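**Q** Any chance you could fold what I've pasted below:
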Amino acid sequence: MTPTEIATNISEVTARIRAAEDAAGRPAGAVSLLAVSKTKPPALIRLAYAQGLTAFGENYAQEMAEKARAVADLNISWHFIGPIQSNKTAVIAEICDWVHSVDRLKIAQRLSQQRPSDREPLNLLLQINISGEDTKAGVSPAAAPALIDQIAALPNLIVRGLMAIPAPASTRTDPQAPFRALRLLQEQLAVSHPNLDTLSMGMSADLEAAIAEGATLVRVGTDIFGARYN
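**A** Numbers count the residues shown, from 1 in each chain. As a prediction, the model looks like this:
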């Protein structure tokens, strides 16, 4: 992919975000863009960074670590967005500024213990299985209040909000319904956890529906970098 193609893609995605903000009556800049760079080489991260993107999302801890070393000269904010294995928490705690996919107390405890003392607290999002799919990770909405209370008590972490990967947009009768449900859950939890200011929801296919329901961060990979390599 050429620098011009990357620049064009980022411009088009940014325009979609701004149009969705306007349609929802939200201020420009209310929604941040996370470039999902999983399976993409460091060279493409550099091209996207040159276009002003500084937040990149990865699904695999070892791949992220290799990329972080390859682009260590860039001021990148790394977001981990994939399933978390217990034996990978140290890498994630060391490299990341944000983790979107926490759904178990054990994982949060390990991230808390392994966060380097010279780093700021790690920003966590609780992953919610908002569509109730058996094949999806995430804690159920009903179990979220108890889990967030437990995680919020841990040192070296700040619980900042919620993340979800709903069922595909093509299968939804109401495309906004899962995003609305996540927003309402966040509002409920924020009564006792005022740090909850982030809703990570919406991807290439459905970012408009997510923004209409209050997304503050959308995760876009394909529409920036093209189809996955594997």
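
**Q** Could you point out the longest helix of the chain?
**A** helix 3-23 (DSSP state H).

**Q** So which residues make contact with that helix?
**A** 27-31, 33, 44, 47-48, 50-53, 204, 207-208, 211-212, 218, 220, 223-226 (C-beta atoms under 8 Å, 6 or more residues apart in numbering). Where you see a C-beta, it was placed from the backbone N, CA and C, and this is true even at glycine.

**Q** Just give me how far that helix sits from the chain centre.
**A** Averaging C-alpha positions (C-alpha atoms, centre = their mean, to the nearest Å) puts helix 3-23 18 Å from its chain's average.

**Q** mind saving the C-alpha coords of the very next helix or strand once past that helix as PDB?
**A** Next helix or strand after helix 3-23 toward the C-terminus (DSSP states H and E): strand 32-36. Coordinates of the C-alpha atoms in strand 32-36 are reproduced here as PDB (Å, rounded to 0.1, in the frame of the first residue of the first chain):
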ATOM      1  CA  SER A  32     -11.100   9.300  18.500                       C
ATOM      2  CA  LEU A  33      -9.800   6.900  15.800                       C
ATOM      3  CA  LEU A  34      -7.900   3.800  16.700                       C
ATOM      4  CA  ALA A  35      -6.000   2.400  13.800                       C
ATOM      5  CA  VAL A  36      -6.100  -1.400  14.100                       C
END
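
**Q** which residue ranges form the strands in the chain?
**A** Using DSSP state E, the strands of the chain run over 32-36, 55-58, 77-80, 98-102, 122-127, 157-163, 198-200, 217-220.

**Q** Filter the contacts of helix 3-23 down to just the buried residues.
**A** Neighbour counting with 16 or more other C-beta atoms under 10 Å marks 31, 33, 44, 47-48, 51, 53, 207-208, 211-212, 218, 220, 223-225 as buried within the contacts of helix 3-23.

**Q** Tell me the spacing between the residue lying closest to Ser101 once chain neighbours are set aside and Leu44.
**A** What sits nearest to Ser101 in space, not counting adjacent residues and going by C-beta to C-beta, 6 or more residues apart in numbering, is Gln127, at 4.7 Å. Gln127 sits 26 Å away from Leu44, going by C-beta to C-beta, to the nearest Å.

**Q** Kindly report the same for Val36.
**A** 11 Å.

**Q** what's the answer for Val31, then?
**A** 23 Å.

**Q** and the closest residue to Gly138 other than its chain neighbours, what are its phi and psi?
**A** In space, not counting the residues next to it along the chain, Gly138 is nearest to Asn129; the distance is 3.4 Å by C-beta to C-beta, 6+ apart. Main-chain dihedrals, Asn129, degrees, to the nearest 10: phi -80, psi 80.

**Q** quick one: Asn129 from Val13, how far?
**A** Relative to Val13, and taking C-beta to C-beta, Asn129 is found at 27 Å.

**Q** Next: Arg219.
**A** Taking C-beta to C-beta, one finds Arg219 at 11 Å from Val13.

**Q** Ok, Leu154 next?
**A** 35 Å.

**Q** before we move on, what about Thr222?
**A** As defined by C-beta to C-beta, Thr222 lies at a distance of 10 Å from Val13.

**Q** Who has more neighbours out of these two?
**A** Val13 (19 against 13; other C-beta atoms under 10 Å).

**Q** What sits closest to Tyr60 if chain neighbours are left out?
**A** Tyr60's closest residue in space is Gly82 (C-beta to C-beta, 6+ apart), at 6.2 Å.

**Q** give me phi/psi at the one you found?
**A** Taking degrees, to the nearest 10 as the convention, Gly82 sits at phi -100, psi 180.
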